[in-house]
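Asker: Sequence plus the predicted model coming up.
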Amino acid sequence: MRVLHIITGLGMGGAEQQLRLLLRHVPATCDVLTLTNAGSVARGITADGTRVTDLGMAGNRDLAALPRLVKLIRAGRYDVVHTHLYRACLYGRIAARVAGVRAVVATEHSLGDSQMEGRPLTSGVRALYLAGERLGRMTVAVSPAVGARLNRWGVPWQRIRVVPNGIDAERFRFDAAARAAARERLDLPADAFVIGGVGRLAEGKRFDVLLRAAAQLPSDVRVLLVGSGPQEPELRRLAGRLGLADRVRFAGETTHEDGGDGGTEHAATHLPSLLSAMDTLASPSPEEAFGLALVEGLSCGLPVLYASCPAIEGLPAHERTNSAYCASDPDSFAQVLYGLRRSGPPPQRTAPAAVRHYDITRSAGRLMDVYASVLTGPNQEVNSP
C-alpha cells in the first residue's frame, strides 16, 4: 500500500510530531508532502528514511499550488491520500479527487468548540471545512470529543473514525540522570518544586493562569514552560510584573529525540528529559482536542492537572490515576499545586497502567484498519453528509 501524507507544515508541533511517530509504525510505504515550512520535524522524518517534499506554498490563497499538488499525487500512484491540518485537508482533498484518488482520509487533530488550530471558528471556516470534507471518504478524530464535534457540525457518524493519538511510552520513562542534567542546564535548584507546562505559547493555552498561580506559591516553586509561540513576549512581561522573572524558565521548542545518549547531552531541548525535570505537569487550557502532552507526562510518572483533556476524560473513572481536573483560574490551580508541593515527590515515578490505551502501535493498527475500509468500501461518490 502506498500512502501520501499531506500536512500544512512540518515545524515543531503536536500534529507534526504525531505524524512522524506514526510513520515509524504504520506498515505501509509512505511519502510526506508539506505545503510549506519544511522545518525541524521534516528533517527528522527524512532522517527516519521517509521522503519529504516541500510544495513551497506561498499562502492560504496560493491557488497555483493546486495543479502542482495534483501532478505530484498522480506521479506517485498512491492508493491512499491522508491529509492533516486545515489548509492541507482542503487543498489535499481537492487535489486527490482531481488526480483520481478516491481513498482520501483526513485526520482532525485540533478541532475545539470555539477554535481550530488556535484560530476562532467562524461560519465561513465551518462552511469551507464541510465542503472539503465531502470530497474525502473518512475523517479520523483523535478523540471521541473531536468526533462528537464533527458530528454536531454535520459530518455523519459513518464517515468518522476515532483513532487516538499514540505515544512511545518507553521514550518518556522517568530518568533521574536526565532530570539532574536538565535542571543544571536550566539553573533549576535540585530541591525546587517545578511546575511544567508544555504546548504552543498561544493565548488559548492560558499559560498566564500558571504564572498567576505560581505567584501565590512559596519561593521554592519554579515554572518551566516548554514550547514557543506568539504569546511568549507577553508571558515574559507578565512574569516580570508578578515578580517571577527569576522563577520562570522558557525552554523553547523541543524534540522527542535524545540523540542516542539517553537525554543527558540534550537535556535542555529533549522533551522526555524536561518532563523528568518537572514535579507536576499542568494544562490550564479550557479547550483541547486530545491532550497529548499530558499523556506523555503520565508516562513520565508525573501527576497532571488539566482544565480539559479528552485523553484522560475518555478513560474509565478507575483508570484516571495520577491526574485531576482543575478549573482554569489561578486560585484553583494554586490551591491544588500547593497541595502537591506539600505532599512532596512520590517514592517512585512510574507510568500508570492507563497509558497503555495510547500505545502508538495500537493507534497505527487502527489507522491501517481505516485505510483498508476506504480502499475496499463501495466505490461511490460522496456528495453529502
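Answerer: Cool, got the structure.
Asker: Not counting sequence-adjacent ones, nearest residue to Ile7?
Answerer: The shortest distance from Ile7 to any non-neighbouring residue, by CB to CB, 6 or more residues apart in numbering, is to His84 (4.2 Å). For every residue, glycine as well, the C-beta is placed using N, CA and C.
Asker: any idea how far that neighbour lies from Met368?
Answerer: Distance of His84 to Met368, given as CB to CB, to the nearest Å: 17 Å.
Asker: Among those two, which residue is more densely surrounded?
Answerer: His84 (27 against 17; other CB atoms under 10 Å).
Asker: Now do the contacts for the more buried one.
Answerer: His5, Ile6, Ile7, Thr8, Ala15, Leu19, Ala106, Thr107, His109 (CB atoms under 8 Å, 6 or more residues apart in numbering).
Asker: Same question for Leu298.
Answerer: Val304, Ile312, Asn322, Ser323, Ala351, Pro352, Ala354, Val355.
Asker: from those residues, which two are the most distant?
Answerer: Ile312 and Ala351 (13.4 Å; CB to CB).
Asker: Show me which of the two is the more surrounded one.
Answerer: Ile312 (24 against 21).
Asker: what about the more buried one, helix or strand, and which?
Answerer: helix 310-313 (DSSP states H and E).
Asker: Ile160 - nearest residue in space that isn't next to it in sequence?
Answerer: Gly147 (5.0 Å).
Asker: Tally up the residues packed near the one you found, please.
Answerer: Quick note: Gly147 (other CB under 10 Å) scores 22 neighbours.
Asker: what does Pro189 give?
Answerer: 11.
Asker: Gly229 too?
Answerer: 18.
Asker: So it is in contact with Arg200, correct?
Answerer: Yes: between Gly229 and Arg200 there is a contact under CB atoms under 8 Å: 4.3 Å.
Asker: Quickly list the domain ranges of this structure.
Answerer: 2-166+360-376, 169-357 (automatic domain parsing).
Asker: now these as a markdown table including mean pLDDT?
Answerer: Output for those, formatted as a markdown table (pLDDT from 0 to 100):
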| stretch | mean pLDDT |
| --- | --- |
| domain 2-166+360-376 | 92 |
| domain 169-357 | 91 |
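Asker: thinking again about what came up before, show me what the helix holding Ile312 is packed up against.
Answerer: Packing partners of helix 310-313 (3 or more CB pairs under 8 Å, 6 or more residues apart in numbering; DSSP states H and E): helix 144-153, helix 292-299.
Asker: So which residues of the stretch 151-300 of the chain form strands?
Answerer: Secondary structure of the stretch 151-300 of the chain, counting by DSSP state E, counting those that start in this stretch: strands at 160-162, 193-198, 221-226, 248-252, 280-283.
Asker: Any idea which of these gets closest to Arg342?
Answerer: strand 193-198 (9.4 Å).
Asker: Check which helices and strands the closest one sits against.
Answerer: So strand 193-198, by 3+ CB pairs under 8 Å, 6+ apart, packs with helix 207-214, strand 221-226, helix 271-277, strand 280-283, helix 292-299, helix 330-343.
Asker: quick check: angle from that strand to strand 221-226?
Answerer: Interaxial angle, strand 193-198 versus strand 221-226 (axes from the mean of the first three to the mean of the last three CA atoms, to 10 degrees): 20 degrees.
Asker: ok now strand 193-198, how far from the chain's centre?
Answerer: The chain centroid and the centroid of strand 193-198 are separated by 18 Å under CA atoms, centre = their mean, to the nearest Å.
Asker: Wait, a helix at Ala58?
Answerer: No: using DSSP: H, G, I helix; E, B strand; the rest coil, the assignment for Ala58 is coil, not a helix.
Asker: still on that earlier bit, wait, the residue nearest to Ile160 sits on Gln158?
Answerer: No: using CB under 8 Å, Gly147 makes no contact with Gln158, being 11.7 Å away.
Asker: Now do the contacts for Ala88.
Answerer: Here Ala88 is in contact with Ile6, Ile7, Thr8, Leu35 (CB under 8 Å, 6+ apart).
Asker: Repeat that for Arg249.
Answerer: Contacts of Arg249 (CB under 8 Å, 6+ apart): Leu186, Asp187, Leu188, Arg222, Val223, Leu224, Leu225.
Asker: of all those residues, which comes closest to Cys89?
Answerer: Leu225 (29.7 Å).
Asker: Going by neighbour count, which residues of the biggest helix by length in the chain are buried?
Answerer: When the chain is scanned for its longest helix (criterion: DSSP state H), the result is helix 360-376. For helix 360-376, a neighbour-count test (16 or more other CB atoms under 10 Å) marks Ile360, Ser363, Ala364, Leu367, Met368, Val370, Tyr371, Val374 as buried.
Asker: where's the closest residue in space to the third one that isn't next to it in sequence, which helix or strand?
Answerer: Counting by CB to CB, 6+ apart, His25 is the residue found nearest to Ala364 once chain neighbours are left out, at 3.9 Å. With elements delineated by DSSP H and E, His25 resides in a region that no helix or strand encompasses.
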